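J.: fold the following and give me the result.
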Amino acid sequence: MAEVLVVFDEAIPTGKGPQAARVCGGIADDGLWEGWIEFKPLGDAGGDWLRSGRETEQPNLDDLRYWASGLSVAYLEGAFDRALSNAMPPVTHTEILAATQEFSAQHRRSAPVTQGGPRPILEPFSVYAQGEEVLRQQLGALSDDQLHNIAKANGMDEIYHSAASRPGRIDAMVIAVKARTST
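T.: Residues are numbered from 1 along each chain as shown. You can find the predicted model right below:
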């Protein structure tokens, strides 16, 4: 069962005209919460919603709602472009519910599960490209378990465990990312 998490009041300007947008989410096959964005031309009461692929995957519903609440118009414009270029046909909705929708497994756009265990919620190398301080801030906002998952997924497990404190572990991760991106 999927849920409508956020309905945007502001129209999203696109090359196909202004669009209504909403963020939906549900539990993916791997047990994490995935979020996607749906669009519909303003004034199109009976038409289908154009659905993006998975835009995020979060460990729980609260984190997914938090992600959805922070989306900017610029992000939504990009999501609309991604939805248009997606090779899969849009999901057809015969009835639009205000709070929830059901999507069958064949319409899910999640990536197949390739390995068990926790997956990192942040890719440190792409965040570092935005600046060292941005990476430090984002790592600092995560739980110890999330930091460990990131370190483990990026081959920094030994470096992570060699630091005695949380600030030390964050420093070690930033230094490792910095060293790998400068070579």
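J.: the lengthiest helix in the chain: how far from the chain's middle?
T.: Criterion DSSP state H: the longest helix present in the chain is helix 166-181. Its chain's C-alpha centre and that of helix 166-181 lie 23 Å apart, by C-alpha atoms, centre = their mean, to the nearest Å.
J.: list the helices and strands the helix or strand hosting G25 packs on?
T.: Here G25 sits within strand 19-27, counting by DSSP states H and E. Applying 3 or more C-beta pairs under 8 Å, 6 or more residues apart in numbering; DSSP states H and E, we find strand 19-27 packed against strand 2-7, strand 33-41, helix 61-69, helix 73-85. For every residue, glycine as well, the C-beta is placed using N, CA and C.
J.: again, only this time at 6 Å
T.: strand 2-7, strand 33-41 (3 or more C-beta pairs under 6 Å, 6 or more residues apart in numbering; DSSP states H and E).
J.: in this structure, where is pLDDT below threshold?
T.: In the predicted model of the chain, residues 45-46, 87-118, 183 satisfy pLDDT under 70.
J.: what comes up buried for the longest helix of the chain?
T.: Residues of helix 166-181 classed as buried: R169, I170, A172, M173, V174, A176, V177 (neighbour count, 16 or more other C-beta atoms under 10 Å).
J.: from W67, how far off is the last one?
T.: When you say that, I think you mean V177. 22 Å (C-beta to C-beta, to the nearest Å).
J.: tell me what the most centrally placed residue in the chain is bridged to.
T.: Centroid-nearest residue in the chain, with C-alpha atoms, centre = their mean: T56, separated by 1.6 Å. Note on T56: beta-bridge partners G35, judged by DSSP bridges.
J.: so it touches W67, yeah?
T.: Yes: in this structure, T56 is within contact of W67 by C-beta atoms under 6 Å, at 5.3 Å.
J.: dump the buried residues of helix 166-181 into JSON lines; add distance to F80 as well.
T.: Supplementary listing: these in JSON lines, determined by distance: C-beta to C-beta, whole Å:
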{"residue": "R169", "distance to F80": "39"}
{"residue": "I170", "distance to F80": "35"}
{"residue": "A172", "distance to F80": "39"}
{"residue": "M173", "distance to F80": "34"}
{"residue": "V174", "distance to F80": "34"}
{"residue": "A176", "distance to F80": "36"}
{"residue": "V177", "distance to F80": "32"}
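J.: these: which two are farthest apart?
T.: Largest separation among those by C-beta to C-beta: R169 and V177, giving 12.7 Å.
J.: got the domain boundaries for the chain?
T.: Taking automatic domain parsing as the criterion, the chain consists of the domains 2-105, 124-181.
J.: what about the shortest one, start to end distance?
T.: Counting by C-alpha to C-alpha, to the nearest Å, the length from the leading to the trailing residue of domain 124-181 is 11 Å.
J.: separation between Q19 and W36?
T.: For Q19, the distance to W36 - C-beta to C-beta - is 15 Å.
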